[in-house]
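Student: mind looking at a prediction? Sequence and model below.
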Amino acid sequence: MKLDALQMNTSVFSSILELDNQLIWRWYRDHLSGFRQAEENGEHSEHDLHLPEGETVRVPVCEKENFGKSMAIDEKQTGEEMHTTVSNRKTGKIALTVGSLRYSDLQKLLNSEESFCREVETLTRDLSPLYAKVGNELFFNASPVADKFHIIRSLMESCQDVRVRLRQDLLRDRRIQYDAHKKREKERKKQCLDQGKEYVKQGFKYEETELSNGETALETLARSRYLLFKYPDDWTVKQWKRAWALFEKYPEIKTVYDRCCEFRDWMKKENVGRSIRLLKEELYDWMKKVEQDEVDELLNFKSLVERNLLPILNYFRFGATNAIAENINSRIQRFITINQGTRDREFFYFRTKKYFS
């Protein structure tokens, strides 16, 4: 059946046959998909972990044949549930999906598949301590590779954090001035009543200096979010004017932005395969600049890089990323959107296993 081969919505068939969509959906689930037969055979829960505390950890996908030399591990949220997904970077198929983010659960499950874990040569992952521990202790023959996307995202968040901090400083200043204005008005009103004079309320005025682009500092800080994600060559004329005004008013943001561009240049794909020694020297030079700048947000990112130096450098050795895991996550999200969500969670797991593993 077409629904078994593609991520199709039953509404397509219901519209063609001019039948109720829910009716078609129930027909497919209960009679055509094989879901009920698998349920009767206990296939839905055959890999679940049953913990001593009485808790059951769902393992909807456990396909040993999908393990390979190049694997990726990532988390995925479906509805309110969080899952750990291990996928094959070469085939794009899911090898394992576990409804848990606890190391103890992953350890019990992966220890039972030790022979397959032993064959993994590279494991791409984000920078979370959980997946670092999983990679080091359970995929012990695999070289850990930090995912470039997560590294750059953390870098850009540090740049945005500076912008947000400065904007919050201005908002706090405006709030303090407004509170002082309310206090003065309250005292003035009391004085007018005591003296028998008419009280005329005075509005609050917050004086803001207009920047060179015609916007106030608050407006420029709020509207600079997207330009900080781009390289200067990708800015529009309006963004150029806004960036010039922003950097002129807040040199700290320009410093952080320049360091972000330098790090992004260092992590470009063109550097894959270069001498690790030279790359480390360039990175250490960058770190020295960050220390001299003394911006907390960037120092926090520097600390993150130092703690994950080996997996980050392994990116240049293997050129591997977690793109396949992110792609699977986006495909699952689209699958959820076009197939009535995850309210029928068992059927969702059944179809996920069929389509993605």
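Tutor: Yep, it's here. Numbering: from 1, shown residues only.

Student: ok, the nearest residue to residue 321 once chain neighbours are set aside - how many residues close by?
Tutor: Excluding the flanking residues, the one nearest residue 321 by Cβ to Cβ, 6 or more residues apart in numbering is residue 148, at 5.1 Å. Heads up, the C-betas are built off the backbone N, CA and C, glycines and all. Using other Cβ atoms under 10 Å, residue 148 has 21 other residues around it.

Student: who touches residue 148 in this structure?
Tutor: Listed by Cβ atoms under 8 Å, 6 or more residues apart in numbering, the contact partners of residue 148 are 267, 315, 321.

Student: just the pLDDT for it.
Tutor: pLDDT for residue 148: 91.

Student: and if you look at the one 4 residues further on?
Tutor: You'll see residue 152 listed with a pLDDT of 94.

Student: ok so, going back, distance of the residue nearest to residue 321 relative to residue 89?
Tutor: Remark: distance between residue 148 and residue 89 (Cβ to Cβ, to the nearest Å) = 14 Å.

Student: over to residue 244?
Tutor: Taking Cβ to Cβ, one finds residue 244 at 43 Å from residue 89.

Student: neighbour count for the two, which is higher?
Tutor: Per other Cβ under 10 Å, whichever of residue 244 and residue 89 has more neighbours is residue 89, with 21 against 15.

Student: what number of residues lie near residue 23?
Tutor: 12.

Student: I meant to write residue 30 there.
Tutor: Residue 30: 11 neighbours (other Cβ under 10 Å).

Student: these two touch, right, it and residue 36?
Tutor: Yes: Residue 30 lies in contact with residue 36 (Cβ atoms under 8 Å); the separation is 5.7 Å.

Student: measure stretch 259-272 end to end?
Tutor: Chord length of stretch 259-272, first to last residue, is 20 Å (Cα to Cα, to the nearest Å).

Student: next, the buried residues of that stretch.
Tutor: Residues of stretch 259-272 classed as buried: 259, 260, 263, 267, 271 (neighbour count, 16 or more other Cβ atoms under 10 Å).

Student: any stretches of the stretch 1-150 of the chain with poor pLDDT?
Tutor: 1-22, 24-25, 27, 32-33, 38-39, 42-44 (pLDDT under 70).

Student: so who does residue 250 touch?
Tutor: With Cβ under 8 Å, 6+ apart, residue 250 has these contacts: 166, 221.

Student: domain map for this structure?
Tutor: According to automatic domain parsing, the chain comprises the domains 10-41, 44-147+321-356, 154-179+216-318.

Student: kindly reformat those as JSON lines containing distance to residue 205.
Tutor: As requested, the domains of the chain are arranged in JSON lines below (distance: least, Cβ to Cβ, whole Å):
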{"stretch": "domain 10-41", "distance to residue 205": "56"}
{"stretch": "domain 44-147+321-356", "distance to residue 205": "46"}
{"stretch": "domain 154-179+216-318", "distance to residue 205": "9"}
